[in-house]
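[1] Coordinates only, no sequence provided:
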């Protein structure tokens, strides 16, 4: 299957640069995966489309202030690190700019302790492809506190505006810090709206998947089958496993909020029959594209994604490529807001 089959025209003006003041005021495109019927609503319409007995699964990862701006210790040249994954101790997998100049052994410095010395230092200990670098940090104090002081939110490269409120790039239920990007479908929810769904009889459960390198890497192959996903860490609690077992046994829908939740649920489904679902954790590199048969996920709330991205392929696997391309065509024509701070789509 060719990557270009998932391309579409997207005017730059439709890329949302800032979040809406009210999280629930975004628009909602609905897509019936059986009939291809498309509807256009406000996000709060989701409350009418979810039913008692549905199980809503959200990703409660929390974004780290993972973007560090510093200098090369020897020349003072500016450098940027995006922390992606903690490997062991103070060793991290990162994306570096300018990657070509950061060879093994290069020392980096971040911040100033008031005496001219850096608050945080790092040395490059490994090189990867496309700017990937393994670094080891050196510091005095507590690393998360230093990161909170020095780091910035790692907004995607297509967002040019500065984000004044860090928490607006976090979901209201974010809990376990470890992501390099937000699970953006969840940004539409407020606590009162989630409480409204629970009062209606919708079960609300959580998984954790820490979003990593794959989010920032474009596909560099011509055919889908050649692409390899980077692995990301996930956790499923016993409480959520019990919700999923009960939902399947009773015939209720499992509704994933975001592609990260969907990928986690389908990873778990590959490990266990639904009757045997239990708490687990691990690393997943699952790649979902048309031809895949979903085992747990019945419906999906998601944002609008990049052309030719693995995420467009995932939603096409659930609803069919032609239906997704038609939905995206309508979204462009009606000027929906795209990507992280954009509008939402509900595939049911």
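    Right, received. Where do you want to start? Because the structure is a prediction, the values reported are computed rather than measured.

[2] which SS class is residue 86?
    Assigned with DSSP: H, G, I helix; E, B strand; the rest coil, residue 86 falls in the strand class.

[3] burial of it, as a residue count?
    15 (other CB atoms under 10 Å). For the C-beta atoms, the positions are set from N, CA and C on the backbone; glycine is no exception.

[4] ditto for residue 13
    Neighbour tally, residue 13, other CB under 10 Å: 9.

[5] is it true that it lies in a helix?
    Yes. Assessed by three-state DSSP, residue 13 belongs to a helix.

[6] On the pLDDT front, check it for me.
    We note a pLDDT of 97 for residue 13 in this prediction.

[7] ok, now which ones touch it?
    Contacts for residue 13 were tallied using CB atoms under 8 Å, 6 or more residues apart in numbering; there are none.

[8] wait, doesn't residue 149 sit right on residue 113?
    No. Residue 149 is beyond contact range of residue 113, at 10.9 Å (criterion: CB atoms under 8 Å).

[9] how about the helices in the protein?
    With helices called from DSSP state H, the chain shows them at 46-49, 143-150, 191-200, 238-250, 259-271, 310-319, 321-333.

[10] just so I know, which of those helices lies nearest residue 11?
    Closest approach to residue 11 among the helices of the chain (CB to CB): helix 321-333, 7.0 Å.

[11] and the closest one, which residues are buried?
    321, 323-325, 327-328, 331-332 (16 or more other CB atoms under 10 Å).

[12] ok, of the residues you listed, which one's closest to residue 305?
    Set against residue 305, the nearest of the buried residues of helix 321-333 by CB to CB is residue 328 (8.7 Å).

[13] Thought residue 304 was touching the closest one, still the case?
    Yes. Residue 328 is within contact range of residue 304, at 6.9 Å (criterion: CB under 8 Å).

[14] picking that back up, touching both of residue 149 and residue 113, which residues are there?
    Contact criterion CB under 8 Å, 6+ apart; residues shared by residue 149 and residue 113: residue 119.

[15] Name the spans of the stretch 201-348 of the chain whose pLDDT lies under the cut-off.
    213-218 (pLDDT under 70).

[16] For residue 133, which non-adjacent residue is closest in space?
    Once flanking residues are discounted, residue 133 sits nearest to residue 96: 4.2 Å by CB to CB, 6 or more residues apart in numbering.

[17] dump the residue contacts of residue 83.
    Residue 83 sits next to 64, 66-68, 92-94, 147, 151, 154, 180 when contact means CB under 8 Å, 6+ apart.

[18] Looking at the residues you listed, spot the one nearest residue 26.
    Of all those, residue 26 sits closest to residue 154, with 21.9 Å by CB to CB.

[19] what's the neighbour count on the closest one?
    24.

[20] I'd assumed residue 163 was in contact with it.
    No. Applying CB under 8 Å, one finds residue 154 not in contact with residue 163, separated by 10.5 Å.

[21] tell me the centre residue of the protein?
    Residue closest to the average C-alpha location in the chain (CA atoms, centre = their mean): residue 183, at 3.6 Å.

[22] pretty sure that one is in contact with residue 208, am I right?
    No. Taking CB under 8 Å as the definition, residue 183 is not a contact partner of residue 208, at 9.8 Å.

[23] what sits in contact with each of the two?
    In contact with both residue 183 and residue 208: 59, 61, using CB under 8 Å, 6+ apart.

[24] which of the buried residues of helix 321-333 lies closest to residue 200?
    Checking these one by one against residue 200 (CB to CB), the nearest turns out to be residue 327, at 26.0 Å.

[25] who's in contact with the closest one?
    Here residue 327 is in contact with 29, 31, 38, 319, 345 (criterion: CB under 8 Å, 6+ apart).

[26] Report how many residues lie close to the second one.
    Here the neighbour count serves as a burial measure; for residue 31 (other CB under 10 Å) it reads 23.

[27] right, and residue 311 touches residue 259 too?
    Yes. If you go by CB under 8 Å, residue 311 and residue 259 touch, sitting 5.1 Å apart.

[28] Out of the helices of the chain, the one nearest residue 86 is which?
    Nearest to residue 86, of all those, is helix 143-150, at 9.4 Å by CB to CB.

[29] Run through the strands of the stretch 101-250 of the chain in chain order.
    Under the criterion DSSP state E, counting those that start in this stretch, the stretch 101-250 of the chain carries strands at the ranges 107-110, 120-127, 132-139, 176-179, 203-209, 232-236.

[30] Would you reformat those strands as CSV and include distance to residue 75?
    As requested, these are exported to CSV (distance: least, CB to CB, whole Å):
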stretch, distance to residue 75
strand 107-110, 10
strand 120-127, 14
strand 132-139, 17
strand 176-179, 32
strand 203-209, 38
strand 232-236, 34
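
[31] export those to TSV and tack on distance to residue 77 and mean neighbour count?
    TSV is the format used below for those (distance: least, CB to CB, whole Å; neighbours: other CB atoms under 10 Å):
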stretch	distance to residue 77	mean neighbour count
strand 107-110	10	20
strand 120-127	14	18
strand 132-139	15	19
strand 176-179	29	19
strand 203-209	35	22
strand 232-236	31	23
